[in-house]
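Undergrad: Mind folding the following:
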Amino acid sequence: MPLATLKQVLDEAKKGKYAVGAYNINNMEQLQGIVNAAAQTKSPLIIQASRGAIKYTEMNYLVHLIKAATELHPEIPIVLHLDHGDNLETVKKCVEAGFTSVMIDASHHSFEENVRITKEVVDYAHQFGVSVEAELGTLGGVEEDITGTVKLTDPDQAKLFVEQTGVDCLAVAIGTSHGAYKFKAEPVLATDLIPTIYEKTQKPLVMHGSSSVPQDILAQINKFGGQMPAAQGVPIAPLQKAIEGGVAKINVDTDSRMCMTGTIRQIFHEQPTKFDPREYLGPAREATTKMIAERMQAFKTAGHAGDYKVLSLEEAKKQYYGL
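TA: Prediction:
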């Protein structure tokens with residue numbers, strides 16, 4: 001099966017009133033854990049790579065790992081998505097490498113400049129059938145080199161932004177933050193904005209900064225030598241409410257990082273003679289599968305892998321963009 005486009009996957013999610021998790025990867029075991037969860041739950045899947053992940057893996061390794069996943073699991077629609085692209089040149093490199101979806105994040109610019117940069121990316125990517133995500137409003141926290149303070153998305157601006165750029169989906173700011181230290185107490189999110197933004201834009205919406213920072217995994221990390229005091233994420237209940245309001249893509253990165261780290265720390269502590277990477281990366285992969293499968297169930301993605309025929313980029317270019 002060819003790699004799917006984000007537009008097709010999110011349009012199907014919008015129809016089915018579920019969300020597709022977008023899971024960041026940095027190595028083979030992380031990818032395998034996530035793909036195995038999708039195979040177990042029969043879920044469509046969005047694999048994300050940040051600019052940092054692309055630099056770490058080197059582009060060719062990453063792309064060929066994804067292609068291997070599609071060959072091993074042709075029954076699972078898989079999107080390869082650039083997370084937080086910073087300019088057109090980054091987007092071009094990813095499209096040329098085989099990505100089927102890109103995000104351009106110009107949310108830190110003025111509204112007018114955000115529109116200009118996003119429209120430039122949309123015009124380029126759509127001619128290849130590649131989907132485009134953009135962001136309006138800003139999130140808090142830190143993710144790699146992305147730092148921000150919360151500025152909620154304005155629904156009327158969102159309507160204008162979508163009309164002027166032609167994006168396929170829109171990342172909105174409702175009070176979430178990047179990283180493991182999102183909140184100091186139980187979060188209060190502006191989830192009431194979501195149905196209003198969806199009604200005005202009629203586009204699938206995206207939530208960034210949506211890892212839940214599972215407290216059992218946090219306790220495991222800290223018990224076996226880690227130092228992550230007071231880390232707190234987004235509970236599952238607000239994410240499910242957001243899905244009901246129009247969110248179709250939910251980004252999860254911190255949770256899988258923590259899952260692998262907790263497992264590896266425990267093995268190093270309890271079995272200090274271990275030195276074969278397979279003996280700690282293998283269990284970390286299995287723990288990732290279990291945790292991601294739980295997210296797929298919670299997001300109601302499970303069981304939807306076979307709902308549609310995946311379009312090739314050439315087919316998507318014709319059907320969605322008339323090119």
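Undergrad: Low-confidence stretches in this structure?
TA: 139-150, 177-188 (pLDDT under 70).
Undergrad: That one: strands as residue ranges?
TA: With DSSP state E, the ranges of strands along the chain come out as 20-24, 45-50, 78-85, 101-104, 131-136, 140-143, 146-148, 169-172, 177-178, 205-207, 247-252.
Undergrad: Turn those into TSV, columns for distance to Glu199.
TA: Bear in mind the C-beta positions are built from the backbone N, C-alpha and C, glycine included. Shown next, in TSV, are these (distance: least, C-beta to C-beta, whole Å):
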stretch	distance to Glu199
strand 20-24	21
strand 45-50	24
strand 78-85	25
strand 101-104	23
strand 131-136	15
strand 140-143	26
strand 146-148	26
strand 169-172	13
strand 177-178	26
strand 205-207	11
strand 247-252	13
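Undergrad: Adding mean neighbour count, write those out as JSON lines.
TA: Output for the strands of the chain, formatted as JSON lines (neighbours: other C-beta atoms under 10 Å):
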{"stretch": "strand 20-24", "mean neighbour count": "26"}
{"stretch": "strand 45-50", "mean neighbour count": "25"}
{"stretch": "strand 78-85", "mean neighbour count": "27"}
{"stretch": "strand 101-104", "mean neighbour count": "29"}
{"stretch": "strand 131-136", "mean neighbour count": "28"}
{"stretch": "strand 140-143", "mean neighbour count": "18"}
{"stretch": "strand 146-148", "mean neighbour count": "18"}
{"stretch": "strand 169-172", "mean neighbour count": "26"}
{"stretch": "strand 177-178", "mean neighbour count": "24"}
{"stretch": "strand 205-207", "mean neighbour count": "26"}
{"stretch": "strand 247-252", "mean neighbour count": "28"}
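Undergrad: nearest to Ala316, of those?
TA: Closest to Ala316 of the strands of the chain is strand 131-136 (C-beta to C-beta; 7.8 Å).
Undergrad: which helix is the longest one in this structure?
TA: helix 278-298 (DSSP state H).
Undergrad: Report all helices and strands that that one contacts.
TA: strand 20-24, helix 28-41, helix 236-245, helix 254-270 (3 or more C-beta pairs under 8 Å, 6 or more residues apart in numbering; DSSP states H and E).
Undergrad: Work out the gap between the longest one and the centre of the chain.
TA: In other words, helix 254-270. Centroid separation between helix 254-270 and its chain, computed with C-alpha atoms, centre = their mean, to the nearest Å, is 21 Å.
Undergrad: got the angle between it and helix 28-41?
TA: Angle, helix 254-270 to helix 28-41, by axes from the mean of the first three to the mean of the last three C-alpha atoms, to 10 degrees: 110 degrees.
Undergrad: Can you mark which positions in stretch 151-170 are buried?
TA: 153-155, 157-159, 161-162, 164-165, 167-170 (16 or more other C-beta atoms under 10 Å).
Undergrad: quick one: the closest residue to Asp83 other than its chain neighbours from Lys55, how far?
TA: By the measure of C-beta to C-beta, 6 or more residues apart in numbering, the closest residue to Asp83 outside its immediate chain neighbours is Gln48, 4.1 Å from it. Shown here: Gln48 relative to Lys55, a distance of 15 Å by C-beta to C-beta, to the nearest Å.
Undergrad: Likewise for Leu218?
TA: Leu218 is 28 Å from Lys55, where distance means C-beta to C-beta.
Undergrad: So for those two, which residue has more residues nearby?
TA: Between Leu218 and Lys55, Leu218 has the larger neighbour count (other C-beta atoms under 10 Å), namely 20 against 11.
Undergrad: surely that one meets Met228?
TA: Yes: with contact defined as C-beta atoms under 8 Å, Leu218 reaches Met228; the gap is 5.9 Å.
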